[in-house]
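1. Got a predicted structure here, sequence first:
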Amino acid sequence: MRSIRQGAAVLALLAVGCSMRPAEERALKDLRVGQVDANGVSFTVEDGLAVVRKVEPGTLTLWGSAPAFHVRAVSSAGASEEWTVVVRNAMPDAELSAMAGGEPLLVEALPEGPLPTVKTWRVRLPAGAEARLTVAPPLWDQPAPFRFAALADVQEAMPRVGDIYRRINADSSLRFIFFSGDLTQRGSVEELEEFQSRLLESRIPLFATLGNHELITPDPRYHEYFGRGNLHYTFQGVHFTMIDSGNGSLDPRAEEMLDGWLAAGRDSVHILGTHIPIVDPIGVRNGAFASRNEAAALLAKLANGKLDLTLYGHVHSYYSFSNAGIPSFISGGGGAIPEQFDGVGRHFLSVEVDPAQGVRTVSLVRVD
């Protein structure tokens, strides 16, 4: 009997061990986003801020995960030199610039189609050399005030999400959508394809992290479509960080990345988005991190990093509160089954930010 109990205990420990880091595989996938070798050229998107969607002879197609990003292209001797670069989910005013050996390369912008978020250029990459391509709007690295939309939790409401995009489109000052997870109901390829298709109705790009619903499918494919779950970028003097909390926790690799990003943004305006709220401000079951100890330690880290704003989803309503002194908002109004009787309905947030003054306003915009 004792041996049976010991065997059961070992199996239980093994089971726990296997589930201790449920997000580890996704953190490792993050590191592989944006890399491909084709026709003698090795392409690497710096910091994984774009996904390689397709590579064909002479054509590289990317899906942007940030307003601006860089691509390193290392060409072998005899490699293909003429390349067409297509970027989907791009800023409408994005431009491509390229440098090799300290000299600019000639870039030709090809005629634009009907979608403002799809950009195409032609560039010659010298064989046997290394080039750096930059996809970004003009003055993207110069501090200046701007506004963006924050949204989460579309899920089964994809057939109706066009209403939200049209409302966002009506505000020409919004530069991009900052999406805190749960794009889909189950994370299937069919749903990811549909989300992408519906996004064609938006005049501005959507930069996202994943949520718990992207993990319901046995074979999550989120990274292949929309990129990293943990990512960091800057735009007009403001730092943005997304972290993958799809399992109600952070993987140690993700937390290590976060440490570096907090240090980088400590003296700047810094905004963080993640799907599951770190703490539950309203008593909703499964509405926060699984471990209170982890949540408390993470909040202390964010406060010490002088974070300016946290944006969450997961709870299908709107809440404004404070996390360890950090202004925080839950905005799960993308259309997923709403909380009952709160009267909020579908909505998004309009955020006004100034790199010199901080977060100026966070406004609730009702769609229903």
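-> Received it, and whenever you're ready, just let me know what you need. Residues are numbered from 1 along each chain as shown.

2. A helix includes Ile164, no?
-> Yes - Ile164: assigned to a helix according to DSSP: H, G, I helix; E, B strand; the rest coil.

3. What is the burial count for it?
-> When neighbours are defined as other CB atoms under 10 Å, Ile164 has 26 of them. Every residue, glycine included, has its C-beta placed from N, CA and C.

4. Contact partners for the closest residue to it other than its chain neighbours?
-> Excluding the flanking residues, the one nearest Ile164 by CB to CB, 6 or more residues apart in numbering is Val367, at 5.2 Å. Neighbour list for Val367: Asp163, Ile164, Arg167, Gly333, Gly345, Arg346, His347, Phe348 [criterion: CB atoms under 8 Å, 6 or more residues apart in numbering].

5. Kindly report the same for Glu95.
-> With CB under 8 Å, 6+ apart, Glu95 has these contacts: Ala109, Val135, Ala136, Pro137, Pro138.

6. Now which of these would you call buried?
-> Using 16 or more other CB atoms under 10 Å as the burial test, the contacts of Glu95 include Val135, Ala136, Pro137 as buried.

7. can you redo these as JSON lines with distance to His70 and pLDDT?
-> Below are those laid out as JSON lines (distance: CB to CB, whole Å; pLDDT from 0 to 100):
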{"residue": "Val135", "distance to His70": "8", "pLDDT": "98"}
{"residue": "Ala136", "distance to His70": "9", "pLDDT": "98"}
{"residue": "Pro137", "distance to His70": "14", "pLDDT": "98"}
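
8. Restricted to strands, list those residues.
-> Mapping the buried ones among the contacts of Glu95 onto strands (DSSP state E) picks out Val135, Ala136.

9. Is Lys29 in contact with His223, as I believe?
-> Yes - between Lys29 and His223 a contact is recorded at 4.6 Å, counting by CB atoms under 8 Å.

10. mind showing which ranges of the stretch 251-368 of the chain have poor pLDDT?
-> Applying pLDDT under 70 to the stretch 251-368 of the chain flags the ranges 285.

11. which residues of it fall in helices?
-> In the stretch 251-368 of the chain, the helices defined using DSSP state H, counting those that start in this stretch lie at 252-265, 292-304.

12. Past the strand or helix carrying Lys29, which element shows up next along the chain?
-> Assessed by DSSP states H and E, Lys29 sits inside helix 24-32. Remark: after helix 24-32, the chain's next helix or strand is strand 35-38, criterion DSSP H and E.

13. Just the buried positions in whichever helix or strand comes after that next one, please.
-> From strand 35-38 onward toward the C-terminus, using DSSP H and E, the following helix or strand is strand 41-45. In terms of neighbour count (16+ other CB under 10 Å), strand 41-45 has its buried residues at Val41, Phe43, Thr44, Val45.

14. In a helix, Ala157, correct?
-> Yes - counting by three-state DSSP, Ala157 is found in a helix.

15. Report the contact partners of it.
-> Gly334, Gly335, Ala336, Arg346.

16. one more time with 6 Å, if that's ok
-> Gly335, Ala336 (CB atoms under 6 Å, 6 or more residues apart in numbering).

17. Distance-wise, check it relative to Val353.
-> 28 Å (CB to CB, to the nearest Å).

18. What segments of the stretch 51-200 of the chain are strands?
-> For the stretch 51-200 of the chain, the strands defined by DSSP state E, counting those that start in this stretch cover 59-64, 69-75, 82-88, 95-100, 103-104, 107-109, 119-124, 130-136, 146-151, 174-180.

19. Report the separation between the closest residue to Leu298 other than its chain neighbours and Ala290.
-> Among residues not flanking Leu298 along the chain, Ile278 sits closest, at 5.6 Å (CB to CB, 6+ apart). For Ile278, the distance to Ala290 equals 11 Å [CB to CB].

20. okay, these two: which has more neighbours?
-> Between Ile278 and Ala290, counting by other CB under 10 Å, Ile278 is the more crowded of the two (27 against 12).

21. quick one, what contacts that one?
-> Phe289, Ala295, Leu298, Leu299.

22. end-to-end on stretch 224-243?
-> End-to-end span of stretch 224-243 (CA to CA, to the nearest Å): 17 Å.

23. got the contact list for that stretch?
-> For stretch 224-243, contacts defined as CB under 6 Å, 6+ apart pick out 26, 30, 33, 48-49, 51, 65-67, 143-144, 146, 192, 208-210, 244, 254, 257-258, 261, 265, 268-274, 353, 355.

24. Derive a ChimeraX selection command for the buried subset of those residues.
-> This is how ChimeraX selects the buried members of the contacts of stretch 224-243, with burial counted by 16+ other CB under 10 Å:
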select :26,30,33,48,49,51,65,66,67,146,192,208,209,210,244,254,257,258,261,265,269,270,271,272,273,274,353,355
